[in-house]
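# this one's structure only:
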């Protein structure tokens, strides 16, 4: 009999929907108060919707209409591939984006300087999209399409999305002009970086793997001098076939130098690998001593 999974608590659902709404509202503010007044677009479905709204210039065929209609088929495939919660969260986010963008239509833009619009519009858009993704949804079906297409094509999702966006910005150069297409590409890059910041957090952490014959002393020093707990893993040398203890520890970016100093003091020949981490939670991680 299949295991019954617990349903998400109503309070968690409410919190998640509120954050998705805030993210969609940020994205709508970026589009209506920065990008549209300066003829700048983003990549993906949002960019295609903006170009189509420029081309048609009809009250009913506006950005809100296009962003909902173009996302529906991708959300359907997202439901098939990722799940019902993702599909409903994304649909809620897209509808919020369309509604809020329409409500902001009569407000005056924040700036008529394309560079300022690209920078601050990109930041606000990236924060908004990042919040939606962080809480289980999406405002753009391009990556869903990428997941589906890369199963049949020899490309990664990132490469596929990049190819689509090159096409979109090339199209924008014909519709909006070369300079606006370049501003649009700059907006997309800034938004992309802002999304990464929202997803990974400002407090970047590093995962470190240490291999040393002095693993007991090393582990004790990291605990007492840096305040970080370690995990000891079993390893085996590929060349000598000798069993070794491997130390795994997660530290903040500011603690890397001190960790290197501790390792060097105990064993200058120790092998150290430092990797970026997406997110760190639990095990009282933030309660380190220094």
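Arrived safely. Note that this is a predicted model, so its numbers are computed, not measured.
# Tell me how the protein divides into domains.
10-200, 205-276 (automatic domain parsing).
# Could you say which of those domains is packed most deeply?
domain 10-200 (a mean of 19; mean count of other Cβ atoms under 10 Å). For the C-beta atoms, the positions are set from N, CA and C on the backbone; glycine is no exception.
# ok now that one, how far from the chain's centre?
13 Å (Cα atoms, centre = their mean, to the nearest Å).
# got the end-to-end distance for that domain?
Taking Cα to Cα, to the nearest Å, domain 10-200 runs 26 Å from one end to the other.
# if we look at the sheet, which residues does residue 206 bridge to?
residue 251, residue 276 (DSSP bridges).
# how near is it to residue 252?
7 Å (Cβ to Cβ, to the nearest Å).
# re the thing from before, in TSV, list the domains of the chain along with mean pLDDT.
Shown next, in TSV, are the domains of the chain (pLDDT from 0 to 100):
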stretch	mean pLDDT
domain 10-200	86
domain 205-276	86
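# Run through who's touching the helix or strand hosting residue 78.
Taking DSSP states H and E as the definition, residue 78 sits inside helix 63-81. For helix 63-81, contacts defined as Cβ atoms under 8 Å, 6 or more residues apart in numbering pick out 31, 36, 45-46, 48-50, 52-53, 86-87, 90-91, 94-95, 97-99, 101-102, 138-142, 144-145, 147-148.
# all helices for the stretch 51-200 of the chain, in order.
63-81, 84-103, 114-134, 142-149, 157-176, 178-200 (DSSP state H, counting those that start in this stretch).
# got TSV for the ones you listed, with distance to residue 241 too?
Listed next are the helices of the stretch 51-200 of the chain as TSV, based on distance: least, Cβ to Cβ, whole Å:
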stretch	distance to residue 241
helix 63-81	42
helix 84-103	45
helix 114-134	44
helix 142-149	40
helix 157-176	38
helix 178-200	38
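# between those helices, which one is nearest to residue 263?
Residue 263 sits nearest to helix 178-200 of all the helices of the stretch 51-200 of the chain, at 25.3 Å, using Cβ to Cβ.
# what packs against the closest one?
helix 114-134, helix 157-176 (3 or more Cβ pairs under 8 Å, 6 or more residues apart in numbering; DSSP states H and E).
# wait, which of these is closest to residue 222?
Among these, helix 114-134 sits nearest to residue 222 (Cβ to Cβ), with 30.7 Å.
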